[in-house]
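J.: could you work out the structure for the sequence below:
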Amino acid sequence: MNKKARVDWNSIGGIVLAFVAIIGGQVLEGGHVGSLVQAAAFLIVMGGTIGAVLLQSPIKIFLNGLRMSKWVVFPPVHAPQELIKQIIGWSNIARKEGLLALEMQAATAKDPLARKGLQLLADGSSGEKLREVLEIDVSAQEDYQKQSARIWEAAGGYAPTIGILGAVLGLIHVMENLSDPSLLGSGIAVAFVATIYGVALANLVFLPIANKLKILIAEQVVLQEILLDGFVAIANGENPRFIENRLKGYFI
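T.: I've put the predicted structure just below:
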């Protein structure tokens, strides 16, 4: 569960394709890429969106959501087959050397849930008590990660509205300078580009990140449930082959 993360080229290709299509369409219509670059519009949309998300989210959740965003490109390894092999290895050790032998395995386990489960097995916890304890950990971790992923969903909701706010500010700037034609162009540009930034960031970046994180969180929960069921089976003294066949039912 803690192997080096792979690169998700699908995510990279998707975001590149989206922006190339939009910018390419702008060029094909005779527009200039430079007209889409407006520092004021970007500041309004990004600053306003970040501020709104910070207002609704505890800083711990906000920072964890930022850290989790790297999963879009470097997702956690989802290898249930390898996890099952590891569980079967622990089961064989328990059958041959006794549950106390798993204490050494707990000392070298990198995953916190695996380490805690192995220690509980070594302490002689029953399957029922072990499930009761570990289910709390799995549920708490899932809830924490889902709350963190929701900051991107929230950003996707706020960005278009703040883009409209930027457009209104740009139009106010235009109305204030009707007597000076040299200032009209910049005001109109900020107005329209702010709307583009808000809608584009929401639908091409923020919401896709939120949805991708939800999928990856669900995959991690499946791994944790496999681990939990494997520990309970070991505590109940079930046959390793039976444990393996049952755990394989978690994936197709």
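
J.: Gly31: what secondary structure?
T.: coil (DSSP: H, G, I helix; E, B strand; the rest coil).

J.: pLDDT value on it, please?
T.: Note for Gly31: predicted pLDDT of 71.

J.: again, but for the one 10 residues further on
T.: Each residue has a pLDDT score; the one for Ala41 is 86.

J.: again, but for the one 4 residues further on
T.: Confidence per residue is given as pLDDT, and for Val45 that number is 94.

J.: from Asn92, how far off is Thr161?
T.: 58 Å (CB to CB, to the nearest Å). No exception for glycine: its C-beta is placed from N, CA and C like everyone else's.

J.: in terms of neighbours, single out the busier of those two.
T.: Ranked by neighbour count (other CB atoms under 10 Å), Thr161 and Asn92 place Thr161 first, with 15 against 12.

J.: check which helix or strand the closest residue to the more buried one other than its chain neighbours maps to.
T.: Distances taken as CB to CB, 6 or more residues apart in numbering put Gly198 closest to Thr161, at 7.2 Å, once the chain neighbours are dropped. Assigned by DSSP states H and E, Gly198 falls within helix 184-201.

J.: same thing with Gln224?
T.: Here Gln224 sits within helix 207-235, counting by DSSP H and E.

J.: list of residues touching the strand or helix carrying Ile15?
T.: Using DSSP H and E, Ile15 falls within helix 9-28. Helix 9-28 is contacted from outside by His32, Val33, Ser35, Leu36, Val72, Val73, Ala200, Leu204, Val205, Pro208, Lys212, using CB atoms under 8 Å, 6 or more residues apart in numbering.

J.: looking at Gly198 now. What's its pLDDT?
T.: Reported pLDDT for Gly198: 94.

J.: so it touches Val45, yeah?
T.: Yes: with contact defined as CB atoms under 8 Å, Gly198 reaches Val45; the gap is 5.0 Å.

J.: so how many other residues sit close to Pro80?
T.: Neighbours of Pro80 (other CB under 10 Å): 18.

J.: ok, and the closest non-adjacent residue to it?
T.: Nearest residue to Pro80, sequence neighbours excluded (CB to CB, 6+ apart): Phe251, at 4.9 Å.

J.: can you give me phi and psi for Gly31?
T.: Gly31 adopts backbone torsions of phi -80, psi 170, taken as degrees, to the nearest 10.

J.: ok so, going back, which is the next helix or strand following the helix holding Ile15?
T.: By DSSP H and E, the next helix or strand past helix 9-28 is helix 39-56.

J.: just give me how far that following helix sits from the chain centre.
T.: Offset of helix 39-56 from its chain centre (CA atoms, centre = their mean, to the nearest Å): 21 Å.

J.: quick check: buried residues in it?
T.: Under the neighbour-count criterion of 16 or more other CB atoms under 10 Å, helix 39-56 has Ala40, Ala41, Phe42, Ile44, Val45, Met46, Gly48, Thr49, Ile50, Ala52, Val53 buried.

J.: which secondary structure elements does it contact?
T.: helix 127-176, helix 184-201 (3 or more CB pairs under 8 Å, 6 or more residues apart in numbering; DSSP states H and E).

J.: closest to Asp229 out of the ones you listed?
T.: helix 127-176 (8.4 Å; CB to CB).
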